[in-house]
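>>> Model the structure of this input:
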Amino acid sequence: MARIHRNLVQNPKRINLPSELLTEPKPQLNLPPMLCNDGAKGVTELVLDVDLKPGSYEFNMQHGVTRNEVARTSSQAYLVYFDDREIGFGAAPSIDFTEEERDLTTDFRCRFICLEAGEHTLTVKMIHPWNDFSPNQPFPLYGIDLKPHKIKRHRATVDPLHPGRVLLDAWGWHIPLTYQRDRLGGYAPEPPPLDTFKSQAIDESFRRGANVTEFYIVHDIGEGTTKNGWPMTWETDDPIQGAEFYRSVKFENWSDQDSIELCRHAHSRDLLFHWYGHYPTDLGGDNPYEIYSQWVFNLLEKAARDFSDALGMGWKGSFDGFVSETCDLSRSAFFVEITKRLWKFNPGAYQIENRGPNWDRPMTACAPNFMVAQACNHMHWNGYDDKDPIVAYDRKVEHGSLGKNHFLYQADCRSWSPNFFGGNTRPDYVLKQCNDFFRGRAEHPDDPVESAVWWLNESKITGSEEMRRYVYGITQDPIKCAVACDLGTTGVGGTMDRWHRTDMSEYDGAPRYQTRPRSEFFHDTSIIQNNFFRAYFHKNIDGGVLLVDLEGLAHYDSNSLAVPLSGDFLSTVAPGVGKLTRKGRFVEPAGYKAV
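Here you go, the predicted model:
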């Protein structure tokens with residue numbers, strides 16, 4: 001029997017759908033049309049009662065993208081539960097509909113393991129961002145399918161001929177010039193000395209295998225409100241026009257030449273080096289697009305001339321690329337023109353657009369050497385994982401002759417923050433972000449998408465030496481890394497759960513769901529894991545729980561295919577005896593030598 005629960009807006013009402021749903025897995029199951037038209041307005045949950053045998057299953061659903069009855073078109077998101085256990089999160093990004101609205105659908109699937117035979121429930125719950133659910137909005141579910149799933153053991157390398165090759169192409173630090181380098185207000189009045197950047201950011205990460213650096217050059221110049229300035233000189237008599245609209249900042253101990261020297265030092269260590277910043281101008285908003293865009297074109301041409309002139313400065317002193325953040329211009333022509341300006345001085349220079357909230361506004365623009373990166377979600381949490389996934393960019397996205405979309409990510413490792421952004425991350429969330437992000441490569445080793453991650457941020461104010469060691473160790477070998485830590489961020493009662501219960505308590509939409517606990521264990525539970533096993537130990541309980549990931553992909557959350565091997569793992573207490581403690585130290589080679 002399948003039943004639908006209607007949102008209790010006026011009168012409680014339940015719709016019964018008599019059927020023989022899922023008593024045996026079938027190749028395709030379509031729900032009645034009432035679910036995608038006016039007959040299902042106000043429905044927020046679909047609950048399916050199913051009889052299952054022990055085994056692994058895959059639940060598929062196809063849902064539509066619809067216009068909400070609010071001022072803007074918003075996305076729909078879905079949480080899927082098997083009994084009371086969350087097994088999946090999916091979303092359809094918002095679409096700007098034309099007058100001729102189209103029927104758009106998104107496919108979503110999740111896998112789960114049933115350990116006991118009998119009757120179980122599958123629940124699909126629809127949620128919305130910003131509390132903008134409308135009682136007249138339909139539940140746009142077009143079809144569902146439940147079938148047995150054959151578990152595949154994946155190899156944790158992208159290259160069987162070179163098994164030490166890791167699952168990422170590039171990684172390194174997001175290096176702020178002044179941002180979050182001061183404990184009072186966030187921005188330091190002056191940057192650290194150039195030698196500090198060289199040793200602390202470049203050399204330290206280089207020795208641990210990093211090969212990219214993102215240089216965040218924005219400084220808040222204040223003036224009663226937050227305004228971004230760049231430490232780049234732009235004189236009014238410059239042949240490239242636009243200086244009158246430019247917000248600059250001058251430091252006593254930093255100049256254009258210092259930026260070039262830092263780039264030169266990164267290249268001497270074989271690290272890519274790109275410039276990252278919000279556009280420093282008051283243009284935009286009410287200004288016509290033509291005026292604003294022309295100014296941006298000139299700004300980037302000026303920056304390329306002064307900082308990325310491959311012939312005039314040599315390759316060591318030339319920036320490899322330039323990055324903007326949420327410029328909100330999803331126009332291919334905009335980024336194509338920037339490419340033309342950059343390539344006047346450095347053919348092959350790349351550009352990246354760093355995007356904000358992931359499933360609210362997809363990025364559709366494309367251009368040569370143009371890539372989309374996912375920014376930390378500053379609005380509700382910092383960073384992404386598979387329970388708040390990056391769904392706006394499919395790993396198979398193609399842009400015709402312009403090639404395949406890359407998969408880039410600005411990850412978060414800040415355990416403390418002097419301002420609103422960041423400051424909640426513990427080692428367990430560094431581990432989860434990294435492994436969840438690169439797991440897609442391990443699932444498709446014969447068709448990998450080029451991937452990179454840079455950690456925000458390198459400032460030692462925001463993270464301890466211990467946190468830096470976790471970042472280095474985990475990123476050197478995602479998925480396969482062996483890690484021990486506690487569940488300080490992801491566990492029940494951890495920093496994410498506390499945010500969920502307090503700051504997000506006024507929301508009932510996506511923001512609150514983004515901060516739900518990721519683990520079913522308490523925050524003071526210790527774990528030790530690799531890509532096959534994870535053991536949980538609580539400090540006040542003898543023994544632990546041992547899980548095995550049947551896919552070998554270091555996935556142990558409720559939405560994984562991990563199963564318990566022991567509920568009393570390494571117990572040290574028996575009747576009539578005291579507690580035994582044993583310690584040992586084993587030194588093994590790391591990196592490719594350990595494979």
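>>> How about the contacts made by V249?
219, 221, 229-231 (CB atoms under 8 Å, 6 or more residues apart in numbering). (Each C-beta comes from the backbone N, C-alpha and C, glycine too.)
>>> Any chance of the residues you listed in CSV with pLDDT as columns?
Output for those, formatted as CSV (pLDDT from 0 to 100):
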residue, pLDDT
H219, 90
I221, 79
G229, 90
W230, 93
P231, 93
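>>> Could you identify which of the residues you listed has the most neighbours?
In terms of neighbour count, H219 stands highest of those at 28 neighbours, by other CB atoms under 10 Å.
>>> Surely that one touches Q180?
No: applying CB atoms under 8 Å, one finds H219 not in contact with Q180, separated by 11.7 Å.
>>> What's the mean pLDDT across the helix or strand hosting L46?
L46 belongs to strand 43-52 when assigned by DSSP states H and E. Average pLDDT, strand 43-52: 80.
>>> what helices or strands is that strand leaning on?
strand 2-6, strand 118-127, strand 141-148 (3 or more CB pairs under 8 Å, 6 or more residues apart in numbering; DSSP states H and E).
>>> Could you check how many residues crowd around the residue lying closest to A452 once chain neighbours are set aside?
Among residues not flanking A452 along the chain, A170 sits closest, at 3.8 Å (CB to CB, 6 or more residues apart in numbering). Neighbours of A170 under the rule other CB under 10 Å: 17.
>>> With G312 instead?
Count around G312 with other CB under 10 Å applied: 11.
>>> next one: Q351
The burial count for Q351: 20, using other CB under 10 Å.
>>> List phi and psi for it.
phi -130, psi 150 (degrees, to the nearest 10).
>>> cool, D195 as well?
According to degrees, to the nearest 10, D195 has phi -60, psi -30.
>>> about what we covered before: now list whatever residues contact both of H219 and Q180.
Common neighbours of H219 and Q180 (CB under 8 Å, 6+ apart) are Y187.
>>> all strands for the stretch 351-500 of the chain, in order.
370-374, 407-412, 451-456, 483-486 (DSSP state E, counting those that start in this stretch).
>>> that older thread, need the contacts of V249 in CSV (columns: distance to E261).
CSV is the format used below for those (distance: CB to CB, whole Å):
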residue, distance to E261
H219, 18
I221, 24
G229, 21
W230, 17
P231, 13
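>>> Going by distance to I87, which of these wins?
Nearest to I87 among the contacts of V249 is H219, at 45.1 Å by CB to CB.
>>> list the contacts for the closest one?
H219 neighbours (CB under 8 Å, 6+ apart): 177-179, 187, 228-231, 249.
>>> returning to what we had before: note down every partner strand of the next helix or strand after the strand holding L46 and its orientation.
Toward the C-terminal end, the helix or strand that comes next after strand 43-52 (DSSP H and E) is strand 55-64. Take DSSP bridges as the rule and strand 55-64 pairs in its sheet with strand 105-114 (antiparallel), strand 141-148 (antiparallel).
>>> Compute the inter-axis angle for strand 55-64 and strand 118-127.
30 degrees (axes from the mean of the first three to the mean of the last three CA atoms, to 10 degrees).
>>> Setting aside sequence neighbours, what's the nearest residue to G422?
Here the residue nearest G422, using CB to CB, 6+ apart, is R414, at 3.5 Å.
>>> Quick check, the residue nearest to A452 in contact with Y409.
No: at 10.9 Å, A170 does not count as touching Y409 under the criterion of CB under 8 Å.
>>> Identify the contacts common to those two.
451-453.
>>> Which member of the residues you listed is positioned nearest G321?
A452 (11.4 Å).
>>> What is the neighbour count of the closest one?
21.
>>> hang on, isn't it packed against Q410?
No: assessed by CB under 8 Å, A452 is found out of contact with Q410, at 9.9 Å.
>>> Tell me who's in contact with A210.
171-173, 271, 475.
>>> can you rerun that using 7 Å?
171-173, 271 (CB atoms under 7 Å, 6 or more residues apart in numbering).
>>> three-state assignment of it?
Under DSSP: H, G, I helix; E, B strand; the rest coil, A210 falls in the coil class.
>>> again, but for D542
Using three-state DSSP, the structure places D542 in coil.
>>> Name the surrounding residues that touch the longest helix belonging to the chain.
In the chain, taking DSSP state H as the definition, the longest helix is helix 289-307. Outside of helix 289-307, the residues within contact range by CB under 7 Å, 6+ apart are 232, 234, 238, 240-242, 245, 256, 259-260, 275, 279, 281, 283-284, 319, 322, 334, 337-338, 341-342, 344-346, 349.
>>> Following the chain onward from that helix, which element is next?
Past helix 289-307, the next helix or strand by DSSP H and E is helix 310-313.
>>> hey, where'd the helices end up in the stretch 401-550 of the chain?
427-443, 465-476, 495-501, 510-514 (DSSP state H, counting those that start in this stretch).
>>> Please identify which of those helices is closest to Q529.
Short answer: helix 427-443, nearest of the helices of the stretch 401-550 of the chain by CB to CB, at 8.2 Å.
>>> List the buried residues of that closest one.
Residues 427-442 are the ones in helix 427-443 that count as buried (16 or more other CB atoms under 10 Å).
>>> Quick one: work out the angle between it and strand 370-374.
140 degrees.
>>> Grab the CA positions of helix 427-443 and hand them over as CSV.
Written as CSV, here are the backbone C-alpha positions of helix 427-443 (Å, rounded to 0.1, in the frame of the first residue of the first chain):
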residue,chain,number,x,y,z
PRO,A,427,38.9,17.1,11.4
ASP,A,428,35.9,14.8,10.8
TYR,A,429,34.3,17.3,8.5
VAL,A,430,37.6,17.9,6.6
LEU,A,431,37.6,14.1,6.1
LYS,A,432,34.0,14.0,5.0
GLN,A,433,34.2,16.9,2.6
CYS,A,434,37.3,15.5,0.9
ASN,A,435,36.1,11.9,0.6
ASP,A,436,32.6,12.8,-0.5
PHE,A,437,33.9,15.2,-3.1
PHE,A,438,36.3,12.7,-4.7
ARG,A,439,34.3,9.6,-4.3
GLY,A,440,32.7,10.1,-7.7
ARG,A,441,36.2,9.7,-9.3
ALA,A,442,36.6,6.4,-7.5
GLU,A,443,33.2,5.2,-8.7
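>>> what's that helix packed up against?
strand 407-412, strand 451-456, helix 465-476, strand 483-486 (3 or more CB pairs under 7 Å, 6 or more residues apart in numbering; DSSP states H and E).
>>> hmm, back to that, can you tell me which of the contacts of helix 289-307 are buried?
Using 16+ other CB under 10 Å, the buried ones in the contacts of helix 289-307 are 232, 234, 240, 242, 245, 259-260, 275, 279, 281, 283-284, 319, 322, 334, 337-338, 341-342, 345-346, 349.
>>> So which of the residues you listed sit within helices?
Those of the buried ones among the contacts of helix 289-307 lying in helices (DSSP H): 259-260, 334, 337-338, 341-342.
>>> Pick out the least confidently modelled helix or strand of this protein, by mean pLDDT.
Lowest on mean pLDDT, DSSP states H and E among the helices and strands of the chain sits strand 14-17, with a mean of 35.
>>> Tell me the confidence at the residue nearest to A452?
pLDDT, A170: 89.
>>> What are the phi and psi values at the residue lying closest to L115 once chain neighbours are set aside?
Nearest non-adjacent residue to L115, counting by CB to CB, 6+ apart: P54, 5.8 Å away. The phi and psi values for P54, taken as degrees, to the nearest 10, are phi -60, psi 140.
>>> how close does P54 sit to F532?
As judged by CB to CB, to the nearest Å, P54 and F532 stand 21 Å apart.
>>> Looking at the two, which has the bigger crowd around it?
Set P54 next to F532 and count neighbours by other CB under 10 Å: F532 wins out with 17 against 10.
>>> mind pulling up the phi and psi values for G488?
Residue torsions, per degrees, to the nearest 10, at G488 are phi -60, psi -30.
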